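# with the sequence up front, the predicted model follows.
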Amino acid sequence: MRQPMSAATLSVAHPTPRPRHASGEAGASADARRRVRDVHVVGVPMDLGASRRGVDMGPSAMRLAGVAERLRALGHAVEDHGNVRVPDRTSLTGSGREFLPAIAQVCEELAAFTASVVRRGGTPLILGGDHSLGAGSVAGVATALAERGEALGLIWLDAHGDLHTPESSASGNVHGMPVAHLLGLGDPRLAGLAKPGPAVKAEHLVFVGLRDLDPPEQAFIRQAGIRAFTMRDIDERGLRAVMSDALEIATRGTGGVHVSCDADWIDPAEAPGVGTPVRGGATLREAHLAMEILADSDAMLGMDLVEINPILDRRNHTAELAVDLLASAFGRRII
Ligand SMILES: NC(=[NH2+])NCCC[C@H](N)C(=O)O
Ligand SMILES: [Mn+2]
Ligand SMILES: [Mn+2]
């Protein structure tokens, strides 16, 4: 079995050359999908942020579905760094927001990992795990960008806003809180992981796929002027228009975009193996198109794929779908 890894073994040892292209030519953004990446995979087998157990098995499920092999087949160099250490739930007392300190430690280690990958020109790919890990993965990418004087754009694909602070959350579940902390709100142990913080400015953040917000999240989106595309926007305008706008928002004035993909943005009919399913999500084709548009843009610096719950899945269908979507996001071409 894969050994849990320490922060030291998770560090990225080798320098990465400048972007290469499968075609052998430099640069051409029109052919962004041919870009060969150095993909650094890390698993975060954590379900401390959710009340329902099981998303800690998400990284195994995606590895069994062949995530590294699929990306290698596209021409990318892929290194799987194993898993970030996550404390065993049974070794902790309490529940909900009481897990925040343990989650913050996991996020700190994860942020160090993503920062070191991005500093070397690699692409971090984080397999979750519950979505509280986003407070760490995104913070690390933001830190590496800040070192080059650049801001980070963030596209949050999700049925939910994940905009709670520990005070505003009714459930107390930390997976409902990462975005607020990335904006610098809430508990400093989570909000302070980006150096210098906050990780993301509200103007560089955009949601896609929303359909289940709690009242404090609705109020916050309105009051802070956060750009958010709901499922209704996708219904009315189509995925292409929504995704183009989302990319425009997340790339304007930034050095690139982190994509945090909660598998529950997809309809549970297609993706039943998720921690908090909400009916009325993106179709399979919409989800692929979103990933293909991201690949075409060449703007993606890193990606999280989170909230896959193998206990609720059917024969690993959702993890296989996730790996298929990752192939689209990393430049798969049909012809
Ligand atoms: N990452 C997620 N699946 N988040 C679901 C959050 C659900 C709800 N808003 C809560 O805070 O409890
Ligand atoms: Mn969600
Ligand atoms: Mn989420």
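Happy to help now that I have it. Ligands and ions are numbered 1, 2, ... in the order given.
# okay, now the residue in the stretch 101-250 of the chain positioned nearest to ligand 3: neighbour count?
With distances taken as CB to the ion, the stretch 101-250 of the chain approaches ligand 3 most closely at residue 131, which sits 3.5 Å away. C-beta here means a position set from N, CA and C on the backbone, and glycine is covered the same way. Other residues near residue 131 number 32, with proximity taken as other CB atoms under 10 Å.
# ramachandran coordinates for it?
Recorded main-chain torsions at residue 131 are phi -70, psi -10, according to degrees, to the nearest 10.
# kindly report the same for the one 4 residues further on.
As for residue 135, its main-chain torsions (degrees, to the nearest 10) stand at phi -60, psi -20.
# now for it: which residues touch it?
Residue 135 makes contact with 103-104, 107, 177-178, 181-182, 190-191, 193, according to CB atoms under 8 Å, 6 or more residues apart in numbering.
# which residue is the nearest non-sequential neighbour of it?
Spatial nearest neighbour of residue 135, excluding adjacent residues (CB to CB, 6 or more residues apart in numbering): residue 178 at 4.2 Å.
# so the one you found sits right up against residue 131, yeah?
Yes. The pair formed by residue 178 and residue 131 meets the contact definition of CB atoms under 8 Å, at 5.8 Å.
# for residue 191, see how far away the residue nearest to residue 135 is.
Shown here: residue 178 relative to residue 191, a distance of 10 Å by CB to CB, to the nearest Å.
# which one's more surrounded, those two?
residue 178 (34 against 22).
# quick check: pLDDT value at that one.
Listed pLDDT for residue 178 reads 99.
# and residue 162, what does it touch?
By CB under 8 Å, 6+ apart, the neighbours of residue 162 are 131, 134, 156, 175-180, 262.
# ok, which residues in the stretch 101-250 of the chain are in contact with ligand 2?
Along the stretch 101-250 of the chain, the residues adjacent to ligand 2 under the rule CB under 5 Å from the ion are 158-160.
# can you pull out the helices in this structure?
When assigned using DSSP state H, the helices of the chain occupy the ranges 7-10, 58-64, 67-73, 100-119, 134-147, 178-182, 188-191, 215-224, 231-237, 239-251, 284-297, 317-329.
# okay if I get the ones you listed as CSV plus distance to residue 51?
Converted to CSV, the helices of the chain look like this (distance: least, CB to CB, whole Å):
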stretch, distance to residue 51
helix 7-10, 28
helix 58-64, 16
helix 67-73, 27
helix 100-119, 14
helix 134-147, 18
helix 178-182, 16
helix 188-191, 18
helix 215-224, 18
helix 231-237, 24
helix 239-251, 29
helix 284-297, 26
helix 317-329, 19
